[in-house]
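[1] With the input below, show me the fold.
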Amino acid sequence: MPVAFRAIIFAASIGIAAAPVLAGPAAAGGVDLAEIVANGGCPGCDLSLAEMRGLSLPGADFTKTDLREADLKGASLAGARFVRADLQRVEMERAQLSDSDFSRASMRGADLEKADVSMARFDGADLREVDFGDAVMVGADLSDVDLRGAFLRRADISAAAFRDAKLDDADLERTNAEGADFSGARLIYADLDRIRARGASFRGADLTGARLSSADLTGADLTGADLSRAHLRRTNLSGADLTDVKGLTERRLAQACGNAETKLPEGFSIKPCGAGSQD
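    Predicted structure coming up:
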């Protein structure tokens, strides 16, 4: 059976029209979906506005591809390469993107709600205002990326790396951040209310004005972090290390709780956490 015919049958099986839906302005050089499947991707192509919902192509190569506002909802693209791709406002809701490489990709305003990007790489990517709501991001590497204004509410970012990342005004409310690394990150006025960050590292992070109400920072490393004007109401700091933190005041610390293992700057004290302290 010819490759192109097999690709057309594949397209029909996932509910995509067998016609060349990518022909015309959404394609480069007449590339259509059948060719993308047959070739394992389309590096350098113009696929902006393309309809590729439900595409299944693990390991696909979209290096330097223009995918602006393309529809890839529910796509299965584990291990794909999006290096230097333009993914601004792309729709990837519920997409399977684990182990993918988004290094230096332009992704401002992209929709990755409920997507799986576990173990994915985002080195140098522009992730401003990206929607990662309810996404699975376990072990992903987002070090040194721009996540200003990003939405990560209820995402699973456990063991993920955000070292030196910009997270100003980002929404991380109710995220699972156990073991995550925010060392040197900028979290100015970020929303971390009810975050579960047991054993996470905020070493040297800038948490100026950040919201940490009802956050669980049990065993977290906050050494050298800046907590100026941070909201600490009902924050659990049991076993946390606050050595050399900046901007902390007794008045704000009085709203938090800890235990005998909590390491505090000299001269500070903290009330013990009791039942109902995290309500």
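
[2] Quick check: which ranges of the chain have low pLDDT?
    Within the chain, the set of residues satisfying pLDDT under 70 comprises 1-31, 275-279.

[3] Skipping adjacent residues, who's closest to the most centrally placed residue in it in space?
    Compute the mean C-alpha point of the chain, and by CA atoms, centre = their mean the closest residue is F132, 5.5 Å away. Nearest residue to F132 in three dimensions, chain neighbours excluded: L152, at 4.5 Å (CB to CB, 6 or more residues apart in numbering). Quick note: C-beta positions are derived from backbone N, CA and C, even for glycine.

[4] tell me the contacts of that neighbour?
    Contacts for L152 were tallied using CB atoms under 8 Å, 6 or more residues apart in numbering; they are 132-133, 135, 137, 170-172, 175.

[5] switch to 7 Å and redo it
    Contacts of L152 were listed using CB atoms under 7 Å, 6 or more residues apart in numbering, and they are 132-133, 170-172, 175.

[6] cool, E93 as well?
    The contact partners of E93, by CB under 7 Å, 6+ apart, come to 73, 111, 113-115.

[7] Need the three-state assignment for it.
    Going by DSSP: H, G, I helix; E, B strand; the rest coil, the secondary structure assigned to E93 is coil.

[8] Quick check: phi and psi on it?
    Reported as degrees, to the nearest 10, the phi and psi values for E93 are phi -60, psi 130.

[9] Next: L33.
    Backbone torsions of L33, given as degrees, to the nearest 10, read phi -60, psi -40.

[10] burial count for it?
    Residues near L33, counting by other CB atoms under 10 Å, number 27.

[11] quick one: it from K73, how far?
    Applying CB to CB, to the nearest Å, the value for L33 to K73 is 15 Å.

[12] Same question for R211.
    Here the criterion is CB to CB. By it, R211 lies 31 Å from K73.

[13] One more: R84?
    Using CB to CB, we find R84 at a distance of 23 Å from K73.

[14] and if you look at L207?
    As judged by CB to CB, L207 and K73 stand 35 Å apart.

[15] wait, what's in contact with L67?
    Under the criterion of CB under 7 Å, 6+ apart, the contact list for L67 reads 47-48, 85-87, 90.

[16] could I get those as JSON lines with distance to I270, neighbour count and secondary structure?
    Shown next, in JSON lines, are the contacts of L67 (distance: CB to CB, whole Å; neighbours: other CB atoms under 10 Å; DSSP: H, G, I helix; E, B strand; the rest coil):
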{"residue": "L47", "distance to I270": "54", "neighbour count": "26", "secondary structure": "coil"}
{"residue": "S48", "distance to I270": "53", "neighbour count": "19", "secondary structure": "coil"}
{"residue": "A85", "distance to I270": "47", "neighbour count": "27", "secondary structure": "coil"}
{"residue": "D86", "distance to I270": "48", "neighbour count": "23", "secondary structure": "strand"}
{"residue": "L87", "distance to I270": "44", "neighbour count": "28", "secondary structure": "coil"}
{"residue": "V90", "distance to I270": "45", "neighbour count": "28", "secondary structure": "coil"}
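
[17] Mind putting the residues you listed into JSON lines with distance to A185?
    Supplementary listing: those in JSON lines, determined by distance: CB to CB, whole Å:
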{"residue": "L47", "distance to A185": "33"}
{"residue": "S48", "distance to A185": "32"}
{"residue": "A85", "distance to A185": "25"}
{"residue": "D86", "distance to A185": "26"}
{"residue": "L87", "distance to A185": "22"}
{"residue": "V90", "distance to A185": "25"}
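
[18] Which of these sits closest to D226?
    Ranking the contacts of L67 by separation from D226, with CB to CB as the measure, puts L87 on top at 32.2 Å.

[19] Ignoring the adjacent residues along the chain, who's closest to that closest one?
    If you skip the residues right next to it in sequence, L87 has M107 as its closest partner in space, 4.5 Å away by CB to CB, 6+ apart.

[20] surely that neighbour meets E129?
    No: in terms of CB atoms under 7 Å, M107 does not count as a neighbour of E129; the distance is 9.3 Å.

[21] Which residue of these two possesses the greater neighbour count?
    Set side by side, M107 and E129 show unequal neighbour counts under other CB under 10 Å, the larger going to M107 at 27 against 19.
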